[in-house]
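*Asks:* Build me a structure from this.
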Amino acid sequence: MCGAERWIDHCFVVSNLKLERPQPKRRPQNRKAPKRLNIGKLKDSNVKQLFTDTLEQRLDPIVLQGKDIEEAWVALWVMLYDTAMECLGPSTKKHKDWFDENCVEVKQLLEEKHCVYKAHFTDPKSVSKKDRLWIVRSKIQTKLRQMQDSWLSSKADMIQGFADRNGMKNFYDSLKEVYGPTTARTLSPFLSADEATLITDKEKVLERWAKYFDSILNRPSTSNAEAIDRLPQVPVEESMDVEPTLEEIQKVCHLLSSGKAPGPDSIPAEVFKEGGMALTRKIHQLFQLIWMHKSVPQDFKDTSIIHLEMETTRSATIIAEFYCCFTEFYCQARSWLEFCSTTSLHT
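*Replies:* Have a look, this model is predicted:
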């Protein structure tokens, strides 16, 4: 058994091996999921300025007017993501362990033990050197275990502090740093409509969800048409159908919530908020096309089902928007227009 310092009593044999691992068969996907962006670099003023300037130079020659909705969105998304990846880079793993913060001290202890071991290895018949090796091993193992216990205790206090202050984001981020990413689990079975059989096939589970939401959202109306006709009619608010202005787009960009997980496009809200006026103008042009053609890109309408494992005996499945930033963009824009309309009516 190896100790806390990963040390065993056996001697190692060095050899050269050539191992070939067979590639697992993967189901082909229509689109490869892009890497997530390291938005933490936007806190650096120099990196932020570099990203804004580079994005402005690359967005200037792109013309969205007169293009198809799908073509305009893809051109904007590709340029935005490629520029952000070049300036910010991909996100790094945040998993940390107890020896990462004590790397220097751990190296010093291991070097001390290796020196004593070399002395014993060159003269194995020496009783004093053998005793010295066992003493150093015991001392180093004790110190390493103390480091590990101290690190875990401090992390536990920090995580408990986040929970006491209701800082859920920092709470879960700290848990991920300690425990690392969770392994993917298989999709749990789903009951059929008659609750007689369990559906395990993924495609059939998706079809079952579609039928379920259709039965919930598309129920037959039981309203009385005569009662509806007797309701007082209010004038149509034509201002709600006016194209959003550049100032409204800029306002909505700043209202996007930060710290949210991006969709499969891997463009978080921080990129739209820090992209500068060049990006805001291109988004405004995109929404002008949407208003003109009265349609949105297919990516905005697509959804993905996310399976959440809550406990060993319970599970939940939710539907997440494919492009959560633009979905929130729509909600914020609509709220802002309603607020402006209400204010104008009361003044």
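
*Asks:* Touching, Leu144 and Leu109? I think so.
*Replies:* Yes. With contact defined as C-beta atoms under 8 Å, Leu144 and Leu109 form a contacting pair (6.9 Å). Placement of C-beta: from N, CA and C, glycine included.

*Asks:* what's the distance between His114 and Gln146?
*Replies:* 20 Å (C-beta to C-beta, to the nearest Å).

*Asks:* Between Leu144 and Leu109, which is the more surrounded one?
*Replies:* Higher neighbour count among Leu144 and Leu109: Leu144, with 22 against 18, using other C-beta atoms under 10 Å.

*Asks:* For the more buried one, which three-state class applies?
*Replies:* helix (DSSP: H, G, I helix; E, B strand; the rest coil).

*Asks:* Now do it against Ala227, distance only.
*Replies:* 77 Å.

*Asks:* pLDDT weak spots in the stretch 151-300 of the chain?
*Replies:* For the stretch 151-300 of the chain, the stretches flagged by pLDDT under 70 are 180-189, 264.

*Asks:* If we use 90, what do you get?
*Replies:* 151-245, 248-276, 278, 287-288, 290-300 (pLDDT under 90).

*Asks:* where do the helices sit along it?
*Replies:* Secondary structure of the stretch 151-300 of the chain by DSSP state H, counting those that start in this stretch: the helices cover 168-179, 202-217, 225-230, 246-255, 269-273, 276-293, 298-301.

*Asks:* Of those, flag the one that's most buried.
*Replies:* helix 269-273 (a mean of 21; mean count of other C-beta atoms under 10 Å).

*Asks:* ok, so what distance separates Glu70 from Ile249?
*Replies:* For Glu70 relative to Ile249 (C-beta to C-beta), the value is 20 Å.

*Asks:* swap that for Glu274, please
*Replies:* Taking C-beta to C-beta as the measure, Glu274 falls 15 Å from Ile249.

*Asks:* Then Leu175?
*Replies:* 37 Å.

*Asks:* Ok, Tyr212 next?
*Replies:* Distance from Tyr212 to Ile249, by C-beta to C-beta: 36 Å.

*Asks:* likewise Val63?
*Replies:* Distance from Val63 to Ile249, by C-beta to C-beta: 18 Å.

*Asks:* same deal with Lys202?
*Replies:* 39 Å.

*Asks:* which residues are contacting stretch 273-286?
*Replies:* 42, 48, 51-52, 55-56, 59-60, 62, 64-65, 72-73, 76, 80, 244-246, 249-250, 253-254, 256, 258, 272 (C-beta atoms under 8 Å, 6 or more residues apart in numbering).

*Asks:* Now do that stretch: distance to the chain's middle.
*Replies:* Relative to its chain's centre, stretch 273-286 lies at 23 Å (C-alpha atoms, centre = their mean, to the nearest Å).
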